[in-house]
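Chemist: Coordinates for the following, if possible.
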Amino acid sequence: MERDIVRGSVEMTAAMMISGTIGWFVLMSGQPVLSVVFWRCAIGALTLLGVCAAMGLLRPNIISWKLFGLAVLGGVAIVLNWVLLFAAYSRASIAIATTVYNVQPFMLVGLGALIFKEKLTFTKLFWLAVAFAGMILIVQAKPGGTSYTGTDYMAGIGLSLGAAFLYAIAAIVAKRLKGTPPHLIALIQVCVGIVLMAPLADFSVMPNGAVQWGSIVTIGIIHTGLMYILLYSAIQKLPTHLTGSLSFIYPIAAILVDYFAFGHQLQPSQFVGSAAILIAAAGTSLGWKLGRSVPSSVKV
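Modeler: Numbers count the residues shown, from 1 in each chain. Reported below is the predicted structural model:
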């Protein structure tokens, strides 16, 4: 059990660091959002198909129809999550969209308590509160030198929140798929994405040149094939609260990418917020205790 948690933590950390760079590749692809999602699914499917074939995961009866249906449901949620999040990048910046998106651990912890009856302790809630306070500090300060204002900015915030809820649903479904090879789950879900996005993608605006094609291929192979194998494998090994806490690595990576790639300067409050998130993640990951459980009168 301890080995599973350590391995799951390493996988989750790697997945979140990879995820933190995706905004740069999305913007560099020069493609409409729906087209980016389609290409992500198509190239990701080819990658995962090869992986699953090499691992012998394409044989009949490896997954029941019930679990297949759950994987499809998770696929709908995760693909729509990509659409909303990618649309938020150009409206609220990569850093802000990603940090708002990371309210999903709170949704995930709440859903975990409701669905799996996982115990909420005072310590878990404390560290999540610290992380949430850090996120608020980051969100309230727009990136320096940008013009993300008005309705576009608020639309970006709303899109990020919608994406967060869909991610939490997908993560809960992944918990229900425990024991199913994560490579196969990811393959099923990107195939669902191909079906959903093919009628909506704009094939009249194809990627042009090495940078755009390189960005699209990287999103498909690294940010989809590799990242989702790591992510689903980690989710199946980790308790929900730890999955949620390690997810906060994602916005830190995105903020750094936004700064170095686009020159969006971090404000002092964003530095403080980032530190709070990292401390909270460390507190949860390392099991720093504060003492008491949530009173039974507290409703979740």
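Chemist: And Ile63, how close does it get to Ala45?
Modeler: Distance of Ile63 to Ala45, computed by CB to CB, to the nearest Å: 16 Å. Any C-beta I mention is one placed from the backbone N, CA and C, and that applies to glycine too.
Chemist: residue ranges with poor pLDDT in the stretch 1-150 of the chain?
Modeler: Counting by pLDDT under 70, the stretch 1-150 of the chain has low-confidence residues at 1, 105, 138-139, 141-150.
Chemist: More neighbours: Ile63 and Ala45, which one.
Modeler: Legend: neighbour count by other CB atoms under 10 Å for Ile63 and Ala45, higher for Ala45 (22 against 19).
Chemist: chain center to the host helix or strand of that one, what's the gap?
Modeler: For Ala45, the enclosing helix or strand under DSSP states H and E is helix 33-54. Per CA atoms, centre = their mean, to the nearest Å, the displacement of helix 33-54 from the mean C-alpha position of its chain is 17 Å.
Chemist: what does stretch 12-24 give?
Modeler: How far stretch 12-24 lies from its chain's middle: 8 Å, per CA atoms, centre = their mean.
Chemist: which residues are contacting that stretch?
Modeler: For stretch 12-24, contacts defined as CB atoms under 8 Å, 6 or more residues apart in numbering pick out 89, 94, 97-98, 219, 222-223, 226-228, 230-231, 234-235, 238, 242-243, 246-247, 249-254, 256-258, 261-262.
Chemist: Drop anything exposed from the residues you listed.
Modeler: For these, a burial check counting by 16 or more other CB atoms under 10 Å picks out 89, 94, 97-98, 219, 222-223, 226-228, 230-231, 234-235, 238, 242-243, 246-247, 249-254, 257-258, 262.
Chemist: Find the nearest non-adjacent residue to Ala71, please.
Modeler: Sequence neighbours aside, Ile188 is the residue nearest to Ala71 in space, at 4.3 Å (criterion: CB to CB, 6 or more residues apart in numbering).
Chemist: so where's the stretch 201-300 of the chain uncertain?
Modeler: Short version for the stretch 201-300 of the chain, where the test is pLDDT under 70: 266, 281-282, 284-287, 291-300.
Chemist: Please enumerate the strands of it.
Modeler: Counting by DSSP state E, counting those that start in this stretch, the stretch 201-300 of the chain has no strands at all.
Chemist: what ranges do the helices span in it?
Modeler: 209-220, 227-237, 240-246, 249-262, 268-285 (DSSP state H, counting those that start in this stretch).
Chemist: and of those helices, who's closest to Leu57?
Modeler: helix 227-237 (11.4 Å; CB to CB).
Chemist: and that closest one, what does it pack onto?
Modeler: helix 2-19, helix 33-54, helix 150-176, helix 182-197, helix 240-246 (3 or more CB pairs under 8 Å, 6 or more residues apart in numbering; DSSP states H and E).
Chemist: returning to what we had before: the helices of the stretch 201-300 of the chain: which one's closest to Phe38?
Modeler: Between Phe38 and the helices of the stretch 201-300 of the chain, the tightest spacing by CB to CB is seen for helix 209-220, at 9.9 Å.
Chemist: Name the surrounding residues that touch the closest one.
Modeler: 22, 25-26, 28-31, 36, 39-44, 46-47, 207.
Chemist: Make a ChimeraX selection of the buried ones in those residues.
Modeler: Only the buried entries of the contacts of helix 209-220 go into this ChimeraX selection, using 16+ other CB under 10 Å:
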select :22,25,26,28,29,30,31,36,39,40,41,42,43,44,47,207
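Chemist: what sits against Leu108?
Modeler: So Leu108 contacts Ala168, Ala171, Ile172, Thr240, Thr243, Gly244, Ser247 (CB under 8 Å, 6+ apart).
Chemist: run the last query once more with 7 Å
Modeler: The contact partners of Leu108, by CB atoms under 7 Å, 6 or more residues apart in numbering, come to Ala168, Ala171, Thr240, Thr243, Gly244.
Chemist: What is the burial count for the first one?
Modeler: Read it as Ala168. Using other CB under 10 Å, Ala168 has 24 neighbouring residues.
Chemist: thought it was touching Gln104?
Modeler: Yes. At 4.8 Å, Ala168 counts as touching Gln104 under the criterion of CB atoms under 7 Å.
Chemist: wait, doesn't Ser152 sit right on Arg91?
Modeler: If you look again at residue 152, you'll see it is Asp, not Ser. Yes. Assessed by CB under 7 Å, Asp152 is found in contact with Arg91 at 4.7 Å.
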